[in-house]
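>>> sequence first, predicted coordinates after that:
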Amino acid sequence: MGKKRLWRWTSEFALALAVFGVSLAPLHAQNHAKHAAKNVEPSPSLLEEEKLKFTTRAAAILSAEQPAKGEWGVLIVDTKSGQVLFEQNADRYFVPASNMKLLTTALALATLGPDYRFRTTLEAQTGASPEGKINGPLYFVGRGDPNLSNRKFPFDTKEEFDGPPEKAVIELADQFVAAGVKEITGDIVGDDSYFPRERYPNGWEIDDMVWEYGAAISAIIIDDNTVALTLTPGEVGGEAVRAEIAPATTDFSVTNMVMTSASGVKSDLTLKREPGSNAVTVSGTLPAQSKPRKLVLAVQEPALHAAAMLKRLLEERGVKVDGVARAQSASPDAKTAPERVVLASHNSVPLAEAVKLVNKISQNLHTESLLRTSARQVCTQTKSDAEPRDCSTLTSEDYAAIAAKFYADAGITVGDVVQTDGSGLSRHDLVTPRAFVALLQYAAKQSWFAAFYDSLPVAGLDGTLEDRLKNSSATMRVHAKSGSVEHVRTRSGYAELPNGQRLIFSFMSNNMGSKGHEATDALDALSSAMVEEFGGEPVGCCRRKQ
């Protein structure tokens, strides 16, 4: 067939298609524009085609039986141009769950800086005498360090531990004893007055407070303010199950009613703990010869817990303590309180590493510490012609007001964030998808962005997205914070596309009455569709080198 004849046939075919309202442009775009060089933005016609395809897929995903019963907010924006690629209910409020941590960790990095370190000290009103005696109390002073634990840093794809849970306190005790102290005539005081006493923000539920994810907030955080109750079954059915708490503490009184069942039988455990009570009752069964079951319980009085732990460790090292362990949550009057002498100290890992842990594993208590530390820093640095404010008396309203100023500076519309806590565990938090996208756009232009970006879970690799989107087009391309509380599933972050573009997105679902996996599956489907339709190449296709 000659070239002229081929041209004529093609033209006639195109004309015939045009009569029926069909254009060759989409076919041409599919066959050729997909092979454009990396970092070259798609043509307007191709972009409209991509938007239409994503819209069609999103409609199918969100109209499925279970997702359709809930409410959805979706916003996708191109990072470079700021162009909106898709939006649905982007200006409506949604309970954000742990997507709230994006706001708090950005605030902390902007306020404190990636290199900020928390400082924890052991202090007394006097130094040790030549005989090694400390007259008066010994103060264990916390300033919000979230990692007084045995965690290994830096975080590398998974959480790792080394040594006993109270490792950081042991190091402080050893440092103190090495200074030659042999006796303390006063009490051991857990001083967490750096933060005002507010153990649980509004909107946290009673069930939350029992477990590690709802641990009480304090300026002293030892091993996430938790202890582990380990239940070990017997070798044969009918034997009692052994219960042990570690580290050793008087915080809990455990009534153990768990028995060993026949090997291979499914375990059946129940734990009861009344609010405000240290009495814990466990009942049910564990199968014979099965692995021990560890239940991580939240400590209700962290400062007292820390003081008792330090007292025990010092006594184990031969230091005589004449007083008792107690807590001090009210800040002493700076004008009348005697100055203290620092006898031992511990500096934390840099904030960038702490933030990475927070967002990768979605640690609630650590996030609350970051919010309070950031607010205290802003309060301290704020100049006033009036009487200087006591920054140890900040309230939840103060935290929200200080954070709101940062959000406004970040370009978030006033009122788009209704904040009750820093972690998103509160069911009273409300945020729009547009607020998250605005924050993520702002963060991408800041000097601390590398630390922020590196803290986000990566699809199919680590953190809360380790098991999501594996073997999909979005694997290793979606860097995002997930969120989950009852009836809520959210995901916001960045998508690195095959064509070199970066998208910013926020997917939020509320009022999901099912077990939750349907909403998470829908988030995965939206994530894959976003990468596939806006990514410049179809699934399974390798980009041609230009």
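Looks like it arrived, so ask away. Every value quoted in this text rests on a predicted model; they were computed, and no experiment measured them. Numbering: from 1, shown residues only.
>>> which residues of the protein score low on pLDDT?
1-42, 333-336, 383-388, 537-546 (pLDDT under 70).
>>> one more time with 90, if that's ok
Low-confidence segments of the chain (pLDDT under 90): 1-47, 206-209, 247-252, 264, 273-278, 330-339, 380-393, 395-396, 512-517, 535-546.
>>> for it, what spans make up the helices?
3-19, 25-31, 44-62, 100-112, 167-178, 302-316, 351-361, 364-381, 396-409, 433-443, 449-454, 517-534 (DSSP state H).
>>> out of those helices, flag the one nearest P287.
Across the helices of the chain, P287 has its closest neighbour in helix 517-534 (26.3 Å, CB to CB). Heads up, the C-betas are built off the backbone N, CA and C, glycines and all.
>>> can you put the helices of the chain in TSV and add distance to F86 and mean neighbour count?
Putting the helices of the chain into TSV (distance: least, CB to CB, whole Å; neighbours: other CB atoms under 10 Å) gives the following:
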stretch	distance to F86	mean neighbour count
helix 3-19	28	10
helix 25-31	18	13
helix 44-62	6	16
helix 100-112	20	26
helix 167-178	46	18
helix 302-316	44	23
helix 351-361	25	24
helix 364-381	29	23
helix 396-409	24	17
helix 433-443	11	24
helix 449-454	22	18
helix 517-534	8	22
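>>> E212 is nearest to which of those?
helix 364-381 (8.2 Å).
>>> from G203, how far off is the residue nearest in space to the middle of the chain?
Central residue of the chain (CA atoms, centre = their mean): S362, 2.6 Å from the mean position. According to CB to CB, to the nearest Å, S362 stands 17 Å off from G203.
>>> now swap in N364 and tell me
12 Å.
>>> go on, Y93?
14 Å.
>>> quick one: which of those two has more around it?
The neighbour count for Y93 versus G203, taken as other CB atoms under 10 Å, is higher for Y93 (20 against 16).
>>> I'd assumed L75 was in contact with V84.
Yes. Counting by CB atoms under 8 Å, L75 is a contact partner of V84 at 7.1 Å.
>>> between these two, who's got more neighbours?
Just comparing V84 and L75: by other CB under 10 Å the higher neighbour count belongs to L75, 25 against 14.
>>> what's across from that one in the sheet?
E87, S506 (DSSP bridges).
>>> same thing with V282?
N256, L271.
>>> what's near enough to touch it?
229, 231, 243, 254-258, 269-272, 295 (CB atoms under 8 Å, 6 or more residues apart in numbering).
>>> out of those, grab the one that's most surrounded.
V258 (24 neighbours).
>>> that one against P287, yeah?
No. Using CB under 8 Å, V258 makes no contact with P287, being 11.4 Å away.
>>> thinking again about what came up before, so what's the closest residue in space to the residue nearest to the centre of the chain that isn't next to it in sequence up against?
Once flanking residues are discounted, S362 sits nearest to S98: 4.7 Å by CB to CB, 6 or more residues apart in numbering. The neighbourhood of S98, defined by CB under 8 Å, 6+ apart, consists of S362, N364, S423, G424, L425, T464, K481, S482, G483, S484, V485, T490.
>>> switch the cut-off to 6 Å
S362, G424, G483 (CB atoms under 6 Å, 6 or more residues apart in numbering).
>>> will you turn these into JSON lines that also has distance to G536?
Below are these laid out as JSON lines (distance: CB to CB, whole Å):
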{"residue": "S362", "distance to G536": "32"}
{"residue": "G424", "distance to G536": "34"}
{"residue": "G483", "distance to G536": "29"}
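>>> I'd say M508 and R491 touch.
No. Applying CB atoms under 6 Å as the test, M508 and R491 come out as separate, 8.0 Å apart.
>>> relative to G238, which of the helices of the chain is closest?
Taking those one by one with CB to CB, helix 302-316 is closest: 35.8 Å.
>>> residues in contact with the closest one?
140, 166, 169, 173, 188, 190, 192, 216, 218, 220, 222, 225, 251, 299, 321, 325, 327.
>>> quick check: the gap between the last one and R340.
To R340, A327 is 17 Å away according to CB to CB.
>>> the more surrounded of these two?
A327 (22 against 19).
>>> now do the same contact list for the more buried one.
G190, A303, L304.
>>> tell me, how many residues neighbour the first one?
By that I understand G190. 30.
>>> do the same with E183
E183: 16 neighbours (other CB under 10 Å).
>>> same thing with the one 3 residues further on?
The burial count assigned to G186 is 17, neighbours taken as other CB under 10 Å.
>>> ok, for it, nearest residue in space, not its chain neighbours?
G186 sits nearest to P137 (CB to CB, 6+ apart), 3.8 Å away.
>>> count of neighbours near that neighbour?
21.
>>> ok, it touching I188?
No. If you go by CB under 6 Å, P137 and I188 don't touch, sitting 7.2 Å apart.
>>> and which of the contacts of S98 is nearest to L523?
G483 (9.9 Å).
>>> okay, and the beta partners of that closest one?
Going by DSSP bridges, G483 forms beta bridges with T490.
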